[in-house]
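Enquirer: predicted structure and sequence below. I'll ask about it afterward.
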Amino acid sequence: GQGIPIFGPPGSAFAASVPAGVSEPTADILWYKFNEGSGTTLTADVGPNGTTSAGTGYVTGADSVATHAFDFGGDCTALSSSSVTYGVNIITVCFWAKNTAWETGDGTILSSKSDTTTSDTWRIETVGSDDLLRFMNQGTTAGQYNVVTIPIPSNNTWHHFAVVFNASTAPGVTTVYLNGVAQSVTQGDALKDGTSNFAANAIRIGNLSGSSFFNGSLDDVRIYASALSAGQVGAVYANPE
């Protein structure tokens, strides 16, 4: 059917549309809106609350509302207060991100990682040396990843990302959307073994086990227990919270 134009933050160029009849899906595993405005607790609409340490504080979000996003400032340790249980081998991770200089060093935007094991995990990070964003899903064997990358987008602008990790087969399939549009990805070494039923780990936000800090702001982080369709991704993109 005819697509419904997407409207978003002032000054943004929206290249996608939402097909008629497609509604915005509600995150069913985790949802942080970062709308607290102050304090160190990230209140979750879905899933466990999070805690923050350091960082710059709350800033204007992707929805253009003051204090509706959190600036991690390159030094913030933030994580969910308890482990997130998936129970599936297909998830979708959605978030808004803004950085003044994506290319200056590596930084972990989001990850599901235990301090004792890296099996059955996922990670989204910047690779500053190569101006790339990297999306990684590790299987049951340490060191075996399915990795895809896309070029880093423009600085000083909110960008929306949606990542579908489908680990139901080896080495898995990762689909990346930028601002509602599916991207061509570069496939790295496809070494991941078997299927991955994503392990129950805390979600680390803006860091990886207290290192590899993300120097930027995040907003509206959502995790779904399914592969969102292109239309559903567009609906999420159209409605920053």
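Expert: Nice, I can see it.
Enquirer: list the contacts of stretch 56-71.
Expert: By C-beta atoms under 8 Å, 6 or more residues apart in numbering, the surrounding residues in contact with stretch 56-71 are 8-10, 33-38, 42, 52, 55, 72-73, 76, 78, 96, 98, 158, 160, 216-220, 240-241. (Glycine included, C-beta is placed from N, CA and C.)
Enquirer: helix or strand with the lowest mean pLDDT in the protein?
Expert: strand 3-5 (a mean of 39; mean pLDDT, DSSP states H and E).
Enquirer: the helices in the protein, which residues?
Expert: 230-237 (DSSP state H).
Enquirer: which ones are touching residue 227?
Expert: 90, 92, 164, 166, 175.
Enquirer: most neighbours among the residues you listed, which one is it?
Expert: residue 92 (25 neighbours; other C-beta atoms under 10 Å).
Enquirer: now the end-to-end length of stretch 147-161.
Expert: Distance across stretch 147-161, first residue to last, is 16 Å (C-alpha to C-alpha, to the nearest Å).
Enquirer: how far does that stretch sit from its chain's centre?
Expert: 11 Å (C-alpha atoms, centre = their mean, to the nearest Å).
Enquirer: cool, stretch 105-115 as well?
Expert: Using C-alpha atoms, centre = their mean, the offset of stretch 105-115 from its chain centre is 11 Å.
Enquirer: give the buried residues for it.
Expert: 106-114 (16 or more other C-beta atoms under 10 Å).
Enquirer: can you select the buried ones from the contacts of stretch 56-71 in PyMOL?
Expert: Burial among the contacts of stretch 56-71 is assessed by 16+ other C-beta under 10 Å; the matching PyMOL selection reads:
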select buried, resi 8+9+33+34+35+36+42+52+55+72+73+76+78+96+98+158+160+216+217+218+219+220+240+241
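Enquirer: returning to what we had before: so which of the contacts of residue 227 comes closest to residue 193?
Expert: Nearest to residue 193, judged by C-beta to C-beta, of the contacts of residue 227 is residue 166 at 15.3 Å.
Enquirer: so what's the closest one up against?
Expert: Residue 166 neighbours (C-beta under 8 Å, 6+ apart): 89-90, 172-175, 227.
Enquirer: having no further points to raise, I will conclude here.
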